[in-house]
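1. need a 3D model of the sequence below.
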Amino acid sequence: MDEATKWVEVYRTGEDFQMEFIRGLLTTNGIPVVVERKGFKDMPIILGVSASGELILKVPPDREEEALALLEAPIEEEPEAE
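-> Numbering: from 1, shown residues only. Got it, this is the predicted structure:
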C-alpha cells in the first residue's frame, strides 16, 4: 500500500477547475495534496471532451484538521480601491 492511500479525503468534485482552485489553496498554505480520479475522470480527454466522474482530494491525516479549517473559512474580499 503506498503512502497516499493512507491519506484522508477532504474535498470531492466533478469539476477540474474547482479541484485546481482547492488544490492551489491548500498547497499555497503548505499542505501536501493528492488528487484521485474516479469513474471516467481517469480516462484521457478525447476530442476535447472532458470525461465525467469524480476528483477526490486527499491530505495527510495529520493535516486534515488544518485543511478542513481552510476550506470552511469565509472568503475575505479585498476592499475596492478608490
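2. please name every helix or strand in contact with the helix or strand bottoming out on mean pLDDT in the chain.
-> Lowest by mean pLDDT, DSSP states H and E among the helices and strands of the chain is strand 34-39, with a mean of 85. In this structure, strand 34-39 packs against strand 53-59, with contacts taken as 3 or more Cβ pairs under 8 Å, 6 or more residues apart in numbering; DSSP states H and E. Where C-beta positions appear, they are placed from N, C-alpha and C, glycine not excepted.
3. how about the least confident helix or strand of the chain: buried residues?
-> Going by neighbour count (16 or more other Cβ atoms under 10 Å), the buried part of strand 34-39 is 34-36.
4. ranges for the helices of the protein?
-> Taking DSSP state H as the criterion, the chain carries its helices at 16-28, 64-72.
5. centre of the chain to the first one, how far?
-> Mean-position distance between helix 16-28 and its chain equals 5 Å (Cα atoms, centre = their mean, to the nearest Å).
6. hmm, who's touching that helix?
-> By Cβ atoms under 8 Å, 6 or more residues apart in numbering, the residues outside helix 16-28 that reach it are 11, 13, 33, 35, 50, 55, 57, 59, 67, 70-71.
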